[in-house]
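1. Could you look at this predicted model? Sequence included:
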Amino acid sequence: MLHLVVCIKQVPDSREIRIDPKTNTLIRQGVPAIVNYYDLHGLEEALRIKDRHGARVTVVTMGPPSADKALKQCIAMGADEGVLVSDRAFAGADTLATSYVVAMTIRKAEEEWGPVDIVFCGKQTLDGDTGQVGPGVACRLDLEQLTYVEKVEHLDLERREIIVHRHLEDGVERVRAKLPVLITALAELNEPRRASLPGVLRAARYKPMVWTTNDFPDLDRSKIGLRGSPTIVAKTWVPEPRKVNTEYIPADPPEAAAEALVERLFASDIAEKLGWVQGVRA
Amino acid sequence: MADERFDAIVVGAGPAGTAAAYTMAKAGLKVALVERGEFPGAKNIFGGVLYRKQLEDLIPEWWKEAPLERKIVEQRLWILADDSAVTFGHRNQRYHDPPNCWTGLRVKFDPWFAGKAEQAGAIPIYETVVTGLLRAGERVRGVITDRDDGELEANVTIIADGVNSLLGKQLMVHREWRPDEVSLAVKEIIQLPKQTIQDRFNLEGDEGCTIEIIGHTCGMAGLGFLYTNTDTLSIGVGVMVSDLKKKRVKPYEVLDGLKQHPAISRLIQGGEVKEYSGHLIPEGGFNSIPALAGDGWMICGDAAQLVNAVHREGTNLAITSGRLAGEAAIRAHEAGDFSASTLAAYDEAIRASFVYKDLKKYRGVHSLLAHEDAEQLFHRLPQALNDAAYEMLLVDGVPKRDKQRKAIRRVKEAAGGAYMDLIRLGLKGWRAMNG
Ligand SMILES: Cc1cc2nc3c(=O)[nH]c(=O)nc-3n(C[C@H](O)[C@H](O)[C@H](O)COP(=O)(O)OP(=O)(O)OC[C@H]3O[C@@H](n4cnc5c(N)ncnc54)[C@H](O)[C@@H]3O)c2cc1C
Ligand SMILES: Cc1cc2nc3c(=O)[nH]c(=O)nc-3n(C[C@H](O)[C@H](O)[C@H](O)COP(=O)(O)OP(=O)(O)OC[C@H]3O[C@@H](n4cnc5c(N)ncnc54)[C@H](O)[C@@H]3O)c2cc1C
């Protein structure tokens, strides 16, 4: 059976994040934790493949014990198994150490449930935002790397081939690749499903597997956690709010307001940038 | 349809539903707790004061671990006229130990309480709306939810979906509430430094104070409140929906009026409004209580109109009714019989409890509010009382006997003009409060 692995990260809900004006750091306290938005698109694509071709979907995350809630959400949506890789020794990881541990986890998942055909990652996370973990994992596991995927066009199981559309800055690239591959998902890939009632029931009772450093006999301890993280955060700061000149146009009467708005837009460079042409009023 | 069958399904993880789920799960029943919010309490609001006693029947010393705001040591009643107030209050050191009640916030309390039910074994099914009941003739055999394969079966369904109970309406145990059976409350949470709150309300440490407010509600039947939380104040007002319709006043206008009252504005001054919300409160009382149980179902809490508006008690009645429904379900489970006649034990237990007795005592209040002139009760009388107090306390050389006469005349006029009117109103009020 196909084995699909989805890598997820639990992140603070960015819609609710505020910055402490005094210390300039994120106020994480009281901010609800959610599954990184892009990762849900990865999961949804894996579930669609499962629905169509039959597959085993394993979800993995490295994180604190509270991340089991994120795994349960994935189980509710239809994943078969969830693995939480959690140990104090993993804490403080940068993207290098994170991708090392995630890669080790996928290797172990292969030992448990068979060789992996497709690994799904999000394009990036809402908090760390680097987009480096996916490619880092692909390198370590020697998987074909398909980043910024907005569509899975075709999956040919006989020939073990996949065709995807990669969304690039200057266009869309249609790529054919041999399995196994690692895909990083864009939001355009699909619309994540709402869990069914049986899914929610299964998730409510489900206890994710927890793997600690002891579960990885070959782990190189110099490559994990703070010690394995060469990234040095030299400084963080909050960007100055950009100064914008706001002009208020009275809304009444609406015709005059609309006219004034159109006038301003054409007087600025917005119209030119967007290639608008000023029309003639009927 | 989920393959799995439950002993009991509870709809709504408010105080009533969670109490029922906790009671049954603890006794080993297989319970599903369905809640539409992202988590229990996510969108729930109340004043609010939480009482010790009724939850203690379920969880001894619960307050030692529950997230609470302030322990109430003083309760005040303010009768407002336009720019004055007649105030009463009671403060007592005995409220320290054992505590009587606390202020709380539903976003914190509800998830804690539901967490206890989960720990006891109830299966949480959140972010899930129950859209209807599964029926087999008269018998309720489960619920329909808004999820795929969303039907769920159980021997008994406990309906605790709050004042707007969709399921109660589907069961036809009640109809759409009449505008004079519900009030609409609006509430703001205002942030202030802890120390400022303590200074303004004469409090120390975790002590708290509540103020109930009569008058200054634009001549409509309504009650205001101002409660102290740890570093916020809850201020709100509930007004009978029928009066809002009659007067065409918006509830937030009433709240704005209260906030500007000179006795109140100084208490909230400098605070930042953190939250604004609105909710219905059942006001029908005793006469609006529906049938409480039938074949395969029971109904509790606000959904059954179990609110004592006179004493702003609702959560405690909800918790007790949920517990009693849970206990009836446990007995039905033991007997293997979930018919109306077995579940009638719940109805009997409610009748034997303070819930029913208190609501019965105040049974006349609803008709007093519905039939008397709200303008008189909630505007002219408070005004006259304030004028009378002003007159009596003003030292201006007018002989006291004349002052007293004038003061009594004021109140008399407000009651209708004659002594008899005052006596009649007094009697009516007395009867309403002592059903
Ligand atoms: C400037 C900066 C400073 C930082 N400082 C610190 C620090 O001091 N201490 C610290 O602990 N962290 C720090 N971090 C965060 C840490 O580097 C990242 O959280 C972590 O390495 C993952 O990187 P990311 O969040 O950028 O993921 P991305 O590379 O953006 O994630 C891409 C995808 O990889 C997968 N993925 C990412 N993380 C995981 C995971 N844990 N488990 C499974 N799959 C995953 C998901 O599919 C995700 O969508 C910092 C980050 C930055 C940018
Ligand atoms: C402004 C205000 C002030 C109050 N002050 C106090 C006070 O100081 N002290 C006090 O004791 N009481 C007070 N009350 C009353 C008290 O809040 C209620 O009596 C009490 O919350 C009733 O509990 P309940 O569990 O019956 O209903 P609710 O607390 O309303 O809970 C119902 C639950 O069911 C859920 N639900 C509804 N429909 C569905 C559905 N179809 N599917 C799934 N879930 C559903 C809701 O999301 C909610 O969580 C106040 C009420 C208000 C509005």
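-> Arrived safely. Ligands and ions are numbered 1, 2, ... in the order given.

2. Quick one: list the elements packing against the longest helix seen in chain A.
-> Across chain A, the longest stretch assigned as helix under DSSP state H is helix A:95-113. Packing partners of helix A:95-113 (3 or more Cβ pairs under 8 Å, 6 or more residues apart in numbering or on different chains; DSSP states H and E): strand A:2-7, strand A:55-62, strand A:81-85, helix A:133-141. (Glycine included, C-beta is placed from N, CA and C.)

3. neighbours around residue 268, how many?
-> As the question left the chain open, I've gone with chain A. Here the count is done by other Cβ atoms under 10 Å in any protein chain shown, and residue A:268 has 10 residues near it.

4. was after chain B, sorry
-> Neighbour count of residue B:268, defined by other Cβ under 10 Å: 18.

5. isn't it right up against residue B:236?
-> No: taking contacts as Cβ atoms under 8 Å, residue B:268 lies outside contact range of residue B:236: 11.9 Å.

6. what helix or strand is the residue in the stretch 251-400 of chain B that ligand 1 sits nearest to on?
-> Residue nearest to ligand 1 within the stretch 251-400 of chain B: residue B:274 (30.5 Å; Cβ to the nearest ligand atom). Assigned by DSSP states H and E, residue B:274 belongs to strand B:272-282.

7. hmm, that strand touching ligand 2?
-> Yes: applying Cβ under 6 Å from any ligand atom, one finds strand B:272-282 touching ligand 2 at B:279, B:281.

8. Mean pLDDT per helix and strand in chain A: which one sits at the bottom?
-> strand A:26-27 (a mean of 70; mean pLDDT, DSSP states H and E).

9. thinking again about what came up before, can you tell me which of the helices and strands packed on helix A:95-113 comes nearest to ligand 2?
-> strand A:81-85 (26.4 Å).

10. hmm, back to that, any chance of the helices and strands packed on helix A:95-113 in JSON lines, plus mean neighbour count?
-> Conversion of those to JSON lines gives the following (neighbours: other Cβ atoms under 10 Å in any protein chain shown):
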{"stretch": "strand A:2-7", "mean neighbour count": "25"}
{"stretch": "strand A:55-62", "mean neighbour count": "25"}
{"stretch": "strand A:81-85", "mean neighbour count": "23"}
{"stretch": "helix A:133-141", "mean neighbour count": "21"}
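
11. Turn these into JSON lines, columns for distance to chain B.
-> Formatted as JSON lines, these follow (distance: least, Cβ to the nearest Cβ, whole Å):
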{"stretch": "strand A:2-7", "distance to chain B": "20"}
{"stretch": "strand A:55-62", "distance to chain B": "18"}
{"stretch": "strand A:81-85", "distance to chain B": "17"}
{"stretch": "helix A:133-141", "distance to chain B": "28"}
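
12. can you put the ones you listed in TSV and add mean pLDDT and distance to residue B:302?
-> Below are the helices and strands packed on helix A:95-113 laid out as TSV (pLDDT from 0 to 100; distance: least, Cβ to Cβ, whole Å):
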stretch	mean pLDDT	distance to residue B:302
strand A:2-7	98	42
strand A:55-62	98	39
strand A:81-85	98	38
helix A:133-141	97	48
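
13. Relative to residue B:369, which of these is closest?
-> strand A:81-85 (55.1 Å; Cβ to Cβ).

14. helices or strands next to the closest one in the packing?
-> Short answer (3+ Cβ pairs under 8 Å, 6+ apart): strand A:81-85 packs on strand A:55-62, helix A:68-77, helix A:95-113, strand A:209-211.

15. make it 6 Å
-> strand A:55-62, helix A:68-77, strand A:209-211 (3 or more Cβ pairs under 6 Å, 6 or more residues apart in numbering or on different chains; DSSP states H and E).

16. Tell me the residues of the stretch 101-250 of chain A that contact chain B?
-> A:196, A:197, A:198, A:200, A:201, A:204 (Cβ under 6 Å from any Cβ of the partner chain).

17. Mind doing that once more with 10 Å?
-> With the criterion set to Cβ under 10 Å from any Cβ of the partner chain, the stretch 101-250 of chain A comes near chain B through A:193-205.

18. near ligand 1, which of these show up?
-> Among these, ligand 1 is touched by none when using Cβ under 6 Å from any ligand atom.

19. Turn the residues you listed into CSV, columns for neighbour count.
-> Converted to CSV, these look like this (neighbours: other Cβ under 10 Å):
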residue, neighbour count
A:193, 17
A:194, 14
A:195, 22
A:196, 18
A:197, 25
A:198, 19
A:199, 22
A:200, 27
A:201, 23
A:202, 18
A:203, 24
A:204, 18
A:205, 10
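
20. between these, which is closest to residue A:42?
-> Relative to residue A:42, the closest of those is residue A:193; by Cβ to Cβ it sits at 13.0 Å.

21. Now residue B:190: which helix or strand?
-> Per DSSP H and E: strand B:182-191 holds residue B:190.
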